[in-house]
Structures are given as C-alpha cells and as structure tokens.
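A.B. asks: have a look at this prediction, sequence included:
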Amino acid sequence: MSTRTPIVGGNWKMNTTAETGVALARAVAAGSGGVACEVVVYPPFPYLATVGGTLAGSDVQLGAQDLYHEPNGAFTGEVSVEMLRDVGVTVVLAGHSERRHVIGETDDLVNRKVRAALAGDLMVTLCLGETLEQREAGRTTDVVLGQLRHGLAGVAEAAMGRVVLAYEPVWAIGTGVTATPDDAETAHRAIRGALADLYNPQVAAATRIQYGGSVKPGNAAALAAGPNVDGFLVGGASLVPDDFLAITRMATAPDPAADRQPEARNA
Ligand code: PEP
C-alpha cells in the first residue's frame with residue numbers, strides 16, 4: 001500500500017468573479033476539514049490575494065495556474081514566483097495542456113517555469129498529456145515521457161519532493177470523456193517507471209501523480225483505485241463545491257463501491 005498522500009487540485013481556469021471565487025473558496029475550506037488528502041485551489045490571478053485571505057486558517061492551499069520564469073523586469077502581463085509567494089501561493093501549475101496547446105508553450109518554456117518555481121521554494125505540478133491525434137498514432141507513452149524528461153531537465157533529486165505530476169490526456173480535458181481507470185493506471189505506471197530511470201526507485205515511489213480529465217464524482221472512486229493514481233487535478237467539477245468535495249473524499253477511498261451511492265445524482 002502506498003504511503004503517498006493523495007493531492008486534489010481545483011483548477012478554476014478563467015472562471016469565477018471576486019464574489020463567486022470567495023464563496024467557492026469558503027465552501028471548499030469549510031467542507032474539506034478532515035479529508036485525508038492535500039487540497040489545492042487554483043483561482044485566476046486577480047483573485048489570488050482575496051481567495052488566499054478566505055482560505056487563511058484552513059488546510060486548503062493556494063495555487064496559481066501559471067508563472068513566468070524571470071524574477072522581474074520588462075515582461076508585460078507576466079507574474080513572477082516572488083509575486084506569487086507574496087500573495088500566499090504555495091503551489092503552481094506548469095505545462096497545463098491549455099498553456100501548451102492554446103497559448104503555445106514549448107517544453108523548453110515549461111522546463112524553465114518548473115525550475116523557477118522550485119528555485120523559489122514553491123511546489124510545482126507539472127502537467128503531461130497526449131492529444132487525441134498522438135494517442136491514435138500510438139504515441140502516448142513517447143509523448144508523455146518526452147514531456148516528463150523535458151519538464152524535469154535540470155531538476156535535482158533533492159527538489160523532487162516538491163514536484164507533483166499530473167497526467168492529463170488532452171482529449172479528456174473539458175470534453176466529458178474520461179480515460180478509463182485502466183488507461184490512467186497504465187500511463188501512471190509508465191510515468192513512475194520513467195522516474196525510476198531518471199532518478200531512482202525511491203523518487204519514483206515517493207512522487208505523486210494526479211490524474212486529470214473530466215474527473216467527476218461519478219468516476220473519481222474508480223480512477224482512484226489505480227495504485228499509481230495519487231489524486232486528481234479537476235477543472236469543471238472544481239467549480240461546484242459539492243462535486244469537488246466529493247472528489248476529495250474519493251481520492252482517499254480507493255474502493256470503487258465505497259463512495260458510489262452519494263454520487264448517483266452526478267453519474
Ligand atoms: C484541468 O483543467 O486540468 C482539467 C482536467 O479539466 P476538466 O476536469 O474540466 O477536464
């Protein structure tokens with residue numbers, strides 16, 4: 001049985017207002033007391049400070065959806081690690097598929113962001129995932145492990161305790177299509193095997209790998225049953241407090257039968 005503590009993140013993307021973000025954060029903070037996983041919310045940049053204030057005193061961590069790797073200077077529109085730390089951020093996403101495929105971030109830029117976050121003592125969640133085209137071409141493992149190797153280039157073993165990985169097949173993000181528990185477990189196992197090659201078996205065994213892609217209360221328990229699945233990165237369902245909280249409970253309840261009943265309404 002794994003000793004890894006599951007971690008569940010709510011990526012709010014470009015959603016919420018100051019008012020609805022605070023209400024959402026308040027509900028998550030109130031409802032997640034006592035859950036046996038780490039919980040993070042990732043509000044949009046303008047609401048980080050306000051949402052951080054709402055989370056104060058709770059166990060919910062404040063995450064940022066992105067960062068820029070330079071410390072300061074003429075980088076219009078960008079946000080540095082120091083700025084994120086200044087408003088209480090402890091975790092940051094790097095390489096989310098929407099940044100890679102909508103905004104055009106390269107593996108090299110993602111790697112710079114990972115290293116900047118770690119150098120600034122933040123925890124970083126490095127997102128990995130193949131497109132449908134890549135999957136259909138049989139390239140899933142190549143693509144995902146390539147992103148892993150690029151993303152972690154230059155990251156020392158000592159920093160790996162602050163790295164979380166998120167396997168998020170692009171074709172499953174925001175589409176309502178979820179990877180099967182077998183698909184997810186197969187990819188997570190391959191990622192863990194690659195970590196053993198890149199670092200060593202101890203790092204591989206200790207690193208948490210979240211699954212992301214249309215996770216809902218109706219599928220979370222079955223996905224969490226995979227021995228290499230260590231929680232979730234949740235988009236759409238993280239905007240609905242009851243759904244997000246149900247998912248946080250399921251991340252630590254790996255018996256698919258255990259949590260099915262309360263979720264029937266979401267199935
Ligand atoms: C995500 O934003 O990382 C994500 C997985 O989104 P969704 O849950 O909406 O598919």
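C.D. replies: Thanks, I have it.

A.B. asks: give me the number of residues near the closest residue to Glu78 other than its chain neighbours?
C.D. replies: The shortest distance from Glu78 to any residue other than its chain neighbours is 3.6 Å, reached at Tyr68 (C-beta to C-beta, 6 or more residues apart in numbering). (Each C-beta comes from the backbone N, C-alpha and C, glycine too.) Other residues near Tyr68 come to 19 when the count uses other C-beta atoms under 10 Å.

A.B. asks: Tyr68 against Glu82, yeah?
C.D. replies: No: using C-beta atoms under 8 Å as the test, Tyr68 is too far from Glu82 to be in contact (10.6 Å).

A.B. asks: what sits against the closest residue to Gly95 other than its chain neighbours?
C.D. replies: Of all residues not flanking Gly95 in the chain, Val110 sits nearest, at 3.8 Å (C-beta to C-beta, 6+ apart). Val110 sits next to Ala94, Gly95, Arg99, Arg100, Leu126, Gln147, His150, Gly151 when contact means C-beta atoms under 8 Å, 6 or more residues apart in numbering.

A.B. asks: before we move on, what about Ala116?
C.D. replies: Ala116 sits next to Leu67, Tyr68, His69, Glu70, Pro71, Val81 when contact means C-beta under 8 Å, 6+ apart.

A.B. asks: equivalent analysis for Met160, please.
C.D. replies: Counting by C-beta under 8 Å, 6+ apart, Met160 touches Tyr199, Val203, Ala206, Thr207.

A.B. asks: so it, which state does it fall into?
C.D. replies: Put simply, Met160 is helix when judged by DSSP: H, G, I helix; E, B strand; the rest coil.

A.B. asks: quick check: it vs the ligand, distance?
C.D. replies: Look at Met160 and the ligand: by C-beta to the nearest ligand atom, to the nearest Å, they are 22 Å apart.

A.B. asks: and for Gly63?
C.D. replies: 12 Å.

A.B. asks: also Leu198?
C.D. replies: With the distance defined as C-beta to the nearest ligand atom, Leu198 ends up 23 Å from the ligand.

A.B. asks: likewise Glu70?
C.D. replies: In this view, Glu70 and the ligand are 25 Å apart by C-beta to the nearest ligand atom.

A.B. asks: what sits up against the one helix or strand Val8 maps to?
C.D. replies: Assigned by DSSP states H and E, Val8 falls within strand 7-11. Contact partners of strand 7-11, identified using C-beta under 8 Å, 6+ apart, comprise 28, 37-42, 63, 65, 91, 93, 96, 125, 164, 166, 208, 210, 212, 230-235, 238-239, 244, 247-248, 251.

A.B. asks: please see if that strand touches the ligand.
C.D. replies: Yes: Strand 7-11 reaches the ligand (C-beta under 6 Å from any ligand atom) through Asn11.
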